[in-house]
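Undergrad: Sequence and predicted structure below; questions after.
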There are 2 protein chains.
Amino acid sequence: MSNTVPMPPAAIRYADSELSFGVLRKSIGFRLRRVQLAVMAEAIATLAPLGLRPAQFSVLVLIDANPDLPQSKLSAALGIRRPNFVAMLHELESRGLTRRCISSGDRRINTLALTAEGQRLLRRANELHEAYESRLNERLSARERADLARLLAKLE
Amino acid sequence: MSNTVPMPPAAIRYADSELSFGVLRKSIGFRLRRVQLAVMAEAIATLAPLGLRPAQFSVLVLIDANPDLPQSKLSAALGIRRPNFVAMLHELESRGLTRRCISSGDRRINTLALTAEGQRLLRRANELHEAYESRLNERLSARERADLARLLAKLE
DNA sequence: TATTGTTATACTCTATAACTATA
DNA sequence: TATAGTTATAGAGTATAACAATA
């Protein structure tokens, strides 16, 4: 009879390994989120020694790659709302990494640039970021890297 | 001479399309984040008609898939800190979707279950989620879907 | 009238310390 | 003493409305 074989206590039945994720197991959205969180945690740890968060790093990269970039173009490109971007820029500026200049053509526009110190910090951050990407890429072959980039582009 | 060909004003030079993402263009971490945000936005919109956010949906799925699951096992499985999970559960419970029962074996443990109404809502949510996943999968072939799942698993 | 940058503000998510009740 | 659930709280991140300066 079944009552001669008692269920083990819940705490033992549900060791982490034997838990079911149901329909989430095959969900692209769910898997994508889990991977992104794991990868992001590595990015945060990678840049932390420089006192940079990933979002700040991306701002420095885009300022460096696009001379005299208007502030609103940058925030739009990174999907940051204008009001939220003001505080971000203020922090970078107060650390002496970036500069805002009123555009000579249109006095409503702030164009952005890196200071010499901002350029130095970005060089160091680029080295850390390169090593971080290499660590991610080590888990994939060259072919897999290209495949992943292509597949991600199809979903975006 | 170069000064006979003046630069166009910044606002025109930096139309969104011609902006450079520098080293971020090939960054797996950066691309993964962008795609995840886009896909997550669709998930939020998909479940919104039921008043469910993706995180709440995942909680309902795991409670349904794991009978008498202890509360802390569930929060750990989803990467939600125990203190933050309390408020989440409280909201689901106040909406009559979930139930907490003190475990008979260990009175410190809350085991979780769906109410009849929680089961009904989950059925509807599963339909919406299925359609959402189908929309994502439409952008990929069967082969590409399998490849993506495999590549994401390698990065996690 | 429209746009850029800004302020103020609020809501969600996430993180930690410390309490309680049980074991 | 250790663990599960809880409370309180603080910090990011993100969202909108409204204002000043400029076009």
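TA: Nice, thanks for sending it over. Predicted model only: the values in this text are computed from it and were never measured.
Undergrad: Quick one, grab the pLDDT at A:Ala15.
TA: Reported pLDDT at A:Ala15 in the predicted model: 74.
Undergrad: tell me which element A:Cys101 falls in.
TA: For A:Cys101, the host element (DSSP states H and E) is strand A:98-102.
Undergrad: Okay, now the sheet partners of that strand, with direction.
TA: strand A:110-114 (antiparallel) (DSSP bridges).
Undergrad: The helix or strand just after the strand it pairs with near chain B anywhere?
TA: Later in the chain than strand A:110-114, the nearest helix or strand by DSSP H and E is helix A:116-138. Yes: using Cβ under 8 Å from any Cβ of the partner chain, helix A:116-138 reaches chain B at A:Asn126, A:His129, A:Glu130, A:Tyr132, A:Glu133, A:Leu136, A:Asn137. Any C-beta I mention is one placed from the backbone N, CA and C, and that applies to glycine too.
Undergrad: before we move on, back to that, what about the strand holding A:Cys101, average pLDDT?
TA: 97.
Undergrad: Name only those of the residues of helix A:116-138 next to chain B that count as buried.
TA: A:Asn126, A:His129, A:Tyr132, A:Glu133, A:Leu136, A:Asn137 (16 or more other Cβ atoms under 10 Å in any protein chain shown).
Undergrad: Next, format the residues of helix A:116-138 next to chain B as JSON lines and append distance to DNA strand D and pLDDT.
TA: Output for the residues of helix A:116-138 next to chain B, formatted as JSON lines (distance: Cβ to the nearest atom of the strand, whole Å; pLDDT from 0 to 100):
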{"residue": "A:Asn126", "distance to DNA strand D": "20", "pLDDT": "98"}
{"residue": "A:His129", "distance to DNA strand D": "16", "pLDDT": "98"}
{"residue": "A:Glu130", "distance to DNA strand D": "21", "pLDDT": "98"}
{"residue": "A:Tyr132", "distance to DNA strand D": "17", "pLDDT": "98"}
{"residue": "A:Glu133", "distance to DNA strand D": "20", "pLDDT": "97"}
{"residue": "A:Leu136", "distance to DNA strand D": "20", "pLDDT": "95"}
{"residue": "A:Asn137", "distance to DNA strand D": "24", "pLDDT": "93"}
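Undergrad: rewinding a little: just the angle between the strand holding A:Cys101 and helix A:116-138, please?
TA: 120 degrees (axes from the mean of the first three to the mean of the last three Cα atoms, to 10 degrees).
Undergrad: can you tell if strand A:98-102 touches DNA strand D?
TA: No: judged by Cβ under 7 Å from any atom of the strand, strand A:98-102 stays clear of DNA strand D, getting no closer than 7.9 Å.
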